[in-house]
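Q: here's a sequence, model it:
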Amino acid sequence: ARTDIGNISITAVGAEPTLYTCLGLKGAELLVLSVTGGSNSESAIATARANRLYTLGVGNAVSPNNIGFPESSGTRDEGTVIVDPRGTVLAKTENHHEDIITARIPIAEFRRTRRVQELPIAILLPVLQQYQPLFQPNAFLDKLPQTYQEAGEIVRKRMGMK
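A: Residues are numbered from 1 along each chain as shown. From the prediction side, this is the model:
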């Protein structure tokens, strides 16, 4: 989204460096990673460095007895972090629960000096053109699931697992 404070892109997709690169190439200046799983701080630092973007890794909300969240699985989320394009942490929460942090991002200076990531497109393009993704777009076009369980059933069916 183009906003007064910069071009912001938000994704809940984790561990997808190609996606993050594409968002940067499309004009994202601040990438928000709202990914669950207990590794947002380190992931945000690596993503910021690799893509030369300001990156915000959002810590997990508290979700007792939910096996997909850190406390229920016996791990600990690293909290929320704001990182500059060099991977320098500008702000970090003191705990791994929901919390508020702020940092000043000099977006005008960033725009003057930013150089988007250079890609070896002659190597990448032929490979990417052959790729057929397992998950095609518009998974819920025919039927919008009402629950997580129903969404899981639709996904499993599309994957040929049922």
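
Q: next structured bit after the lowest-mean-pLDDT helix or strand in the chain?
A: Least confident element among the helices and strands of the chain, by mean pLDDT, DSSP states H and E: helix 70-73 (a mean of 55). Once the chain leaves helix 70-73, the next helix or strand it forms, by DSSP states H and E, is strand 81-83.

Q: I'd like the next helix or strand past that following strand.
A: For strand 81-83, the following helix or strand on the C-terminal side (DSSP H and E) is strand 89-92.

Q: that following strand pairs with which strands, parallel or anti?
A: Applying DSSP bridges, strand 89-92 is found paired with strand 81-83 (antiparallel).

Q: hmm, who's touching the strand it pairs with?
A: 40-41, 44-45, 47-48, 54-57, 89-93, 101-103, 105 (C-beta atoms under 8 Å, 6 or more residues apart in numbering). Every C-beta, even on glycine, is put in place using the N, C-alpha and C of the backbone.

Q: residue ranges in the chain under the pLDDT threshold?
A: 36-39, 61-77, 96-97, 162 (pLDDT under 70).

Q: now the residue nearest the centre of it. Nearest residue, chain neighbours left out?
A: Centroid-nearest residue in the chain, with C-alpha atoms, centre = their mean: L33, separated by 3.2 Å. Closest residue to L33 apart from its sequence neighbours, by C-beta to C-beta, 6 or more residues apart in numbering: G57 at 4.9 Å.

Q: which strand residues bridge that neighbour?
A: L33, V81.
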